[in-house]
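S.K.: need a 3D model of the sequence below.
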Amino acid sequence: MASADQQPPREDLRGKVLYIEDNPINMSLVEMALSAYPGITLVKASTGQEGIRLARSERPDLVLLDMHLPDIGGLQVVRELNEEIANKKLRVTLLTADTLSMDIVKAMSLGAYDYWVKPINMNMFETALKRALSRKEEPPR
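M.R.: Alright, predicted model coming up:
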């Protein structure tokens, strides 16, 4: 039974989320937020290269991408995944402490879906997560 300050599990959202993030605290915060959604599977990567590999092999419904990674920047990750993004097989949301940098502008022009400023506001996170995962799949052509 859920206490007054503990929310019951939310069954309405389903999907696979890949979070590419090198900061363990940020990873834990997102992991904790997603734990309220038993229908969401979280896949984790701590480098850009690992994230690119997992994005292609795991085929997530949503990629949450830190813009500042230890090996390559988030902009380079978006460039590497450009074909998947352009074919609407991948939806990428940028996470950054920068309010609006040229890298964000460039990544958005390359097809990134959205960007969220860190620290993440949990109400905004939930709203944006629902919007990103609630989209209808396009019929095969």
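S.K.: so where is the protein shaky, pLDDT-wise?
M.R.: Scanning the chain for pLDDT under 70 picks out 1-11, 100, 135-141.
S.K.: now the strands for it?
M.R.: Secondary structure of the chain (DSSP state E): strands located at 15-20, 40-45, 62-66, 92-96, 114-117.
S.K.: which of these sits most buried?
M.R.: Of all the strands of the chain, strand 62-66 carries the top mean neighbour count, a mean of 26, counting by mean count of other CB atoms under 10 Å. Every C-beta, even on glycine, is put in place using the N, C-alpha and C of the backbone.
S.K.: what is that one packed up against?
M.R.: Helices and strands touching strand 62-66, by 3 or more CB pairs under 8 Å, 6 or more residues apart in numbering; DSSP states H and E, are strand 15-20, helix 48-58, helix 74-80, strand 92-96, helix 122-133.
S.K.: isn't residue 75 right up against residue 109?
M.R.: No - judged on CB atoms under 8 Å, residue 75 makes no contact with residue 109 at a distance of 10.4 Å.
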